[in-house]
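In: kindly return the folded structure for what I paste below:
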Amino acid sequence: MKRNAKRCWQGLMLTCCLTLSVLSTGCFQTTISGQTLPSAYYLDDDVQYFPMGPEQKLSNQIRALERDKAQRQKSLDGADY
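Out: Numbers count the residues shown, from 1 in each chain. I've put the predicted structure just below:
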């Protein structure tokens, strides 16, 4: 009788451990070998923070053209004719 109860207890503990390990893996964001991997539901997640960007998409190009124009104007003003 004691032997049967001990075996039942071991089976119950094994079942609990296996259930716990199955339920606790693969559900959330994880870090494996330095890589941050998304959850299985990353396509359904809402964007929590989306930083403001420049209103014009080509702001760096516009700034560079203005700087070039200012340098050209400066070089023309300093030229002796």
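In: only C-alpha atoms from now on, for both contacts and neighbour counts.
Out: Fine.
In: where does Glu66 sit: helix, strand or coil?
Out: Three-state call for Glu66 (DSSP: H, G, I helix; E, B strand; the rest coil): helix.
In: just give me the neighbour total for it.
Out: Glu66 has 12 neighbouring residues, counting by other Cα atoms under 10 Å.
In: now do it, the pLDDT please.
Out: pLDDT for Glu66: 95.
In: same question, the one 3 residues further on
Out: At Lys69, the model reports a pLDDT of 95.
In: starting at the chain centroid, how far to stretch 6-16?
Out: Relative to its chain's centre, stretch 6-16 lies at 40 Å (Cα atoms, centre = their mean, to the nearest Å).
In: export it as CSV, just CAs?
Out: Listed next in CSV are the C-alpha coordinates belonging to stretch 6-16 (Å, rounded to 0.1, in the frame of the first residue of the first chain):
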residue,chain,number,x,y,z
LYS,A,6,4.7,6.6,-3.2
ARG,A,7,4.5,5.7,-6.9
CYS,A,8,1.3,7.8,-7.2
TRP,A,9,3.0,10.8,-5.5
GLN,A,10,6.0,10.5,-7.9
GLY,A,11,3.8,10.4,-10.9
LEU,A,12,1.8,13.4,-9.7
MET,A,13,5.1,15.4,-9.1
LEU,A,14,6.4,14.4,-12.6
THR,A,15,3.1,15.5,-14.2
CYS,A,16,3.2,18.8,-12.4
